[in-house]
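Novice: Sequence and predicted structure, then a few things I'm wondering about:
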Amino acid sequence: MAATNSSANHPGTAHPEGSEPTAKQLKQWRQYLADERAEGAVYRELASRRDGEEREILLGLAEAEARHEQHWRDLLGDKAGKAVSGSKRTRFLGFLARHFGGVFVLALAQQAENRTEYGTEPAAPPHMLADERIHGEVVRGLATRGRQRMSGTFRAAVFGANDGLVSNLALILGIGASGASTSTVLLSGIAGLLAGALSMGAGEYVSVSSQRELLAAENPDPEASRAIGDLDVDANELALVYRARGMDADEAEAHAAHMIATFTANSKLADDIAEDRHEAIGTAWGAAISSFCFFASGALIPILPYLFGLEGFAAVALSSGLVGIALLLTGASVGVLSGSSPIKRALRQLAIGLGAAAATYALGSIFGATLG
């Protein structure tokens, strides 16, 4: 859809005939112009890092932002004035796109598209609001592709880091509260790091390997696919295959007839099964290594104060503070990637992690007093 060049094509979308826009309106329109220009630059930057279909989609979004930019340029006319900068959020997106790219930028762009102010802007024609809503869904689709490509390894990394942070903090706080010496607390933390990292790595390897084996078991026998060309057109059980996969009788019959009629040497019995399921869960070794490394890095943080010689309350306070910061960062990262509020996810992560550590500390104090 092309942007309007006059208010006549979209009644009520510009200032009334014969009236001049206020200084406040002009300022807001200039900001819209700057934001549209900056958003287009973000999509072009992301497109430069991709090829194929994703590149074409991103360039299509950049063209749409250029149409919106032109709308505000036409509306402002000779009052466009000196170019202003985009919003802080849009400039931050541009910085990330230039230096990093990737799914995190797409997730943030998705949120930006969904926060459009055009719904309450009289000078914005209805189709521009509709465009922004659709843009949000386009970016969501691109971000979903990225999430699928990294989901297995990223899941293992996030879970590993969180488990390392929380479990080792709880371990050293519980042991410390029981009255154990600083050296005992430190050795316990190191043992917890090694044991937990090895356990997490092995667990992820087994988990992902088993999941991939289960998915592989669902793939049809290649010999069955090659047999399609030899089936009796008038009497065969191919439709039963699709009914077993969930299609109703009529749909299965139609799909089976189409498969037989269009059979080629490359036809597959599983043409309706997604090809990226294995990609979405990642590789066993990738998940295992990621989980091991991130658990170890997370479990290292709580024992850093003890490694540098701190003792008592100072070590406990610093250890808890460092873990708290790390939990906020991991929670915010998951929030950004999932397209939800990073602040809420960060605070939830912090509350759960420190809550578990506090409970263990209390239990350690009770047992220490009892044994003492």
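Specialist: Received the coordinates, thanks.
Novice: CA atoms for contacts and neighbours, from now on please.
Specialist: Will do.
Novice: I'd like the domain boundaries of this protein, if you could list them.
Specialist: For the chain, automatic domain parsing gives the domain ranges 23-146, 152-214+283-371, 220-272.
Novice: Pick the most deeply packed of those.
Specialist: Across those, averaging neighbours per residue (mean count of other C-alpha atoms under 10 Å) puts domain 152-214+283-371 on top, at a mean of 20.
Novice: before we move on, the earlier item: could you dump the domains of the chain to JSON lines with mean pLDDT?
Specialist: As requested, the domains of the chain are exported to JSON lines (pLDDT from 0 to 100):
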{"stretch": "domain 23-146", "mean pLDDT": "84"}
{"stretch": "domain 152-214+283-371", "mean pLDDT": "84"}
{"stretch": "domain 220-272", "mean pLDDT": "63"}
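Novice: so what's Trp72 closest to, chain neighbours aside?
Specialist: Leu33 (5.6 Å; C-alpha to C-alpha, 6 or more residues apart in numbering).
Novice: go on, Leu304?
Specialist: Per C-alpha to C-alpha, 6+ apart, closest to Leu304 is Ser319, 7.2 Å.
Novice: so who does the one you found touch?
Specialist: Ser319 makes contact with 169, 301-305 under the criterion C-alpha atoms under 8 Å, 6 or more residues apart in numbering.
Novice: would you turn those into TSV with distance to Phe367?
Specialist: Formatted as TSV, those follow (distance: C-alpha to C-alpha, whole Å):
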residue	distance to Phe367
Leu169	18
Ile301	25
Pro302	22
Ile303	22
Leu304	25
Pro305	24
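Novice: Take the residues you listed and keep only those in helices.
Specialist: In helices, defined here by DSSP state H, the members of the contacts of Ser319 are 169, 301-305.
Novice: Tell me the one of these nearest Pro126?
Specialist: Using C-alpha to C-alpha, Ile301 comes nearest to Pro126 of those, at 51.6 Å.
Novice: I figured that closest one hits Leu165, correct?
Specialist: Yes: between Ile301 and Leu165 there is a contact under C-alpha atoms under 8 Å: 6.9 Å.
Novice: Name the residues contacting each of the two.
Specialist: With C-alpha under 8 Å, 6+ apart as the test, Ile301 and Leu165 both reach Val323.
Novice: could you pull out the helices for the protein?
Specialist: Counting by DSSP H, the helices of the chain are 23-48, 52-76, 88-99, 103-114, 126-177, 182-218, 222-226, 238-244, 249-261, 277-281, 284-307, 312-338, 342-371.
Novice: gap between Val166 and Ile289?
Specialist: 20 Å (C-alpha to C-alpha, to the nearest Å).
Novice: Repeat that for Thr90.
Specialist: 35 Å.
Novice: for Phe367, same thing?
Specialist: From Phe367 over to Ile289 (counting by C-alpha to C-alpha), the distance is 36 Å.
Novice: likewise Gly312?
Specialist: Counting by C-alpha to C-alpha, the gap from Gly312 to Ile289 is 34 Å.
Novice: Kindly report the same for Ala177.
Specialist: Distance from Ala177 to Ile289, counting by C-alpha to C-alpha: 33 Å.
Novice: ok, Ala288 - contacts?
Specialist: 156, 200-205.
Novice: So which of the residues you listed is the closest to Arg145?
Specialist: Checking the contacts of Ala288 one by one against Arg145 (C-alpha to C-alpha), the nearest turns out to be Ala156, at 18.0 Å.
Novice: returning to what we had before: quick one: closest of the helices of the chain to Thr120.
Specialist: Nearest of the helices of the chain (C-alpha to C-alpha): helix 126-177, 9.6 Å.
Novice: what packs against the closest one?
Specialist: Applying 3 or more C-alpha pairs under 8 Å, 6 or more residues apart in numbering; DSSP states H and E, we find helix 126-177 packed against helix 52-76, helix 103-114, helix 182-218, helix 277-281, helix 284-307, helix 312-338, helix 342-371.
Novice: can we see that at 6 Å?
Specialist: Helix 126-177 sits against helix 103-114, helix 182-218, helix 277-281, helix 284-307, helix 342-371, with contacts defined as 3 or more C-alpha pairs under 6 Å, 6 or more residues apart in numbering; DSSP states H and E.
Novice: Lys82 is nearest to which of the helices of the chain?
Specialist: Of all the helices of the chain, helix 23-48 comes closest under C-alpha to C-alpha, at 9.0 Å.
Novice: now that closest one: how far from the chain's centre is it?
Specialist: 24 Å (C-alpha atoms, centre = their mean, to the nearest Å).
Novice: and that helix with helix 126-177, angle?
Specialist: Angle between the axes of helix 23-48 and helix 126-177 is 70 degrees (criterion: axes from the mean of the first three to the mean of the last three C-alpha atoms, to 10 degrees).
Novice: between helix 23-48 and helix 88-99, how many degrees?
Specialist: Computed with the same axes, to 10 degrees, the direction of helix 23-48 lies at 20 degrees from that of helix 88-99.
Novice: Helix 23-48 - contacts with which helices or strands?
Specialist: Checked by 3+ C-alpha pairs under 6 Å, 6+ apart, helix 23-48 has helix 52-76 packed alongside it.
Novice: got the angle for the helix it packs on vs helix 23-48?
Specialist: Going by the same axes, to 10 degrees, helix 52-76 makes 160 degrees with helix 23-48.
Novice: who does helix 52-76 touch, helix- and strand-wise?
Specialist: With 3+ C-alpha pairs under 6 Å, 6+ apart as the test, helix 52-76 has helix 23-48 packed against it.
Novice: report the angle between the axes of the helix it packs on and helix 103-114?
Specialist: Using the same axes, to 10 degrees: helix 23-48 against helix 103-114 is 150 degrees.
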